[in-house]
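Build me a structure from this.
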Amino acid sequence: MFEGLQDRLGAAFTKLRGQGKLTEDNIKSGLREVRLALLEADVHYQVARDFVNKVRERSLGQEVLSSLTPGQQVVKIVHEELTELMGSTHQDLDLTGKTPHSIMLVGLQGSGKTTTAAKLARHLAATAKEKPLLVPADVYRPAAIDQLKTLSGQINIPAYDSQPGQKPEAICQGALFQAETSDRSLLIVDTAGRLHVDDELMAELSRLKKLLRPQEIILVADAMTGQDAVNAALQFHQQVGLTGVVLTKMDGDARGGAALSIKATVGVPIKFIGVGEKMDALDAFHPERMASQILGMGDVLSLIEKAQAVVDQKEAAKLAKKLKKSQFDLEDFLTQLRQLKKMGSMEQILSMVPGVNKMMKGAKDLNPDGKELKQTEAIILSMTAQERVNPKILNGSRRKRIAQGAGVSVADVNKLMKNFQQMQKMVKNMGRKGARGMGDLQSFLGS
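This is a model prediction of the structure:
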């Protein structure tokens, strides 16, 4: 995420830190690099200029120039201004007042509205204790209605039984009635999109807005489209009045322009970001945490929240007892591996650890892909219960049988066992010091 921007900003700050003393000239030179980095990331030129002017004004103050660590002070200022640029604090959805509430998802075709509707329903059911009803109201895109109904089955949240021949207004009216006469507290409406903004689309959205009186009108925009996403946000906001934005495909090659420009240009906050294709790959947007990631500082708070969401507390307590006795076997390894996989891709997890981005470059072993994790799981599953509990009995013939069962080479099995032995040594040290359980173990698994 934002790798190019991270590299350019990192190079600029390295130069500033390398200066024995900061002067007006080298601050201006460093901030020129920052401005170029922002423009290359497709940040709106006016936003980039205003941002650099604010940072320059603060950096030339006596507090920075007379500091013992002026380079670090400039980085701190940039972090604060980036946070401010993206909205200062997380803005949650407004779901107050009489139920059923409603959320309209709007946007262009291909932005990921339908998938986001299902992700958002799952998220709100889990975190806000809402009882969503998905409303397929896109009657124009082929299979859009079927797609949302299929996703609703995957997340076990009902979808209104709309049909392609219906008008969107009739669908929403029927969904409202169903919600009012059942236990559904929230409608999440997947509206139609277009390849570009047109009068017909906006007129339809205005009619649905009048009918639903939604608490939230959320634009779903593709983060990889940069300024096109910002321009779309401006047009939708002018026509129907947005209350927030979801940026999708943030796990892809997004340069950062949309995330850094939307709040300043449009005036509405980013509320969520899509970070993958799975139904749980939707994260609340926190400006301060995103600023930390952009500057290569990691995002420990989000990492902790992800761990807390997937950790089975009973299993963690059971593991803690085993760690204290240095009784960590391959069954435990497999359990922790599966919990780690629930947190997302290894690349996403490692990007949240401060300093790891730099180490990951040129060191592939620090960033195992999903294929490698699946291979590890397959090797362990090819073992007998006795072998998992007591790996010392794994002689040459057993390792050959395991390799054939997992579809890998004996060398792959040997590599796993070597890594496991290293983990056992770490577990012994943790036992002596007093194990802290899941946090320490998952930290090791991610290294």
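
which SS class is the closest residue to Tyr140 other than its chain neighbours?
Once flanking residues are discounted, Tyr140 sits nearest to Ala192: 4.9 Å by CB to CB, 6 or more residues apart in numbering. Using the backbone N, CA and C atoms, a C-beta is placed for each residue, glycine as well. State at Ala192, reduced to three classes by DSSP: H, G, I helix; E, B strand; the rest coil: coil.

And for Ala192, the neighbour number?
20 (other CB atoms under 10 Å).

tell me the contacts of it?
137-141, 144, 168, 201, 204 (CB atoms under 8 Å, 6 or more residues apart in numbering).

how about a cut-off of 10 Å?
Residues near Ala192 by CB atoms under 10 Å, 6 or more residues apart in numbering: 106-107, 109, 113, 137-141, 144, 168, 200-201, 204-205, 208.

Scan those residues and report the most crowded one.
Within these, most neighbours by other CB under 10 Å means Ala137, with 29 neighbours.

my guess is that one meets Cys172, correct?
Yes: counting by CB atoms under 10 Å, Ala137 touches Cys172, with 6.0 Å between them.

what sits in contact with each of the two?
104, 160, 162, 166, 187, 189, 191, 208, 212.

What separation do you get for the fourth one and Ser182?
Between Gln166 and Ser182 the computed distance is 20 Å (CB to CB, to the nearest Å).

So between the two, which is more surrounded?
In this view Gln166 and Ser182 are compared by other CB under 10 Å, and Gln166 has more residues nearby, 16 against 12.

Just the local confidence number for that one, please.
Gln166 carries a pLDDT score of 94 in this model.

residue contacts, it?
So Gln166 contacts 136-137, 139, 145, 172-174 (CB under 10 Å, 6+ apart).

So it: helix, strand or coil?
Relying on three-state DSSP, one would call Gln166 coil.

what's the nearest residue to Arg207 if we skip its chain neighbours?
Closest to Arg207 by CB to CB, 6+ apart is Glu169, at 5.9 Å.

that's a strand at the one you found, yeah?
No: counting by three-state DSSP, Glu169 is not part of a strand but helix.

and it, what does it touch?
137, 204, 207-208, 210-212.

Reformat the contacts of Gln166 as TSV; add secondary structure.
Shown next, in TSV, are these (three-state DSSP):
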residue	secondary structure
Pro136	strand
Ala137	coil
Val139	coil
Ile145	helix
Cys172	helix
Gln173	helix
Gly174	helix
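
export these to JSON lines and tack on pLDDT and distance to Leu9?
Listed next are the contacts of Gln166 as JSON lines, based on pLDDT from 0 to 100; distance: CB to CB, whole Å:
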{"residue": "Pro136", "pLDDT": "96", "distance to Leu9": "42"}
{"residue": "Ala137", "pLDDT": "95", "distance to Leu9": "42"}
{"residue": "Val139", "pLDDT": "94", "distance to Leu9": "45"}
{"residue": "Ile145", "pLDDT": "95", "distance to Leu9": "44"}
{"residue": "Cys172", "pLDDT": "97", "distance to Leu9": "45"}
{"residue": "Gln173", "pLDDT": "96", "distance to Leu9": "50"}
{"residue": "Gly174", "pLDDT": "96", "distance to Leu9": "51"}
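
and the two most separated of those residues?
Ile145 and Gln173 (16.2 Å; CB to CB).

So between these two, which is more surrounded?
Ile145 (23 against 15).
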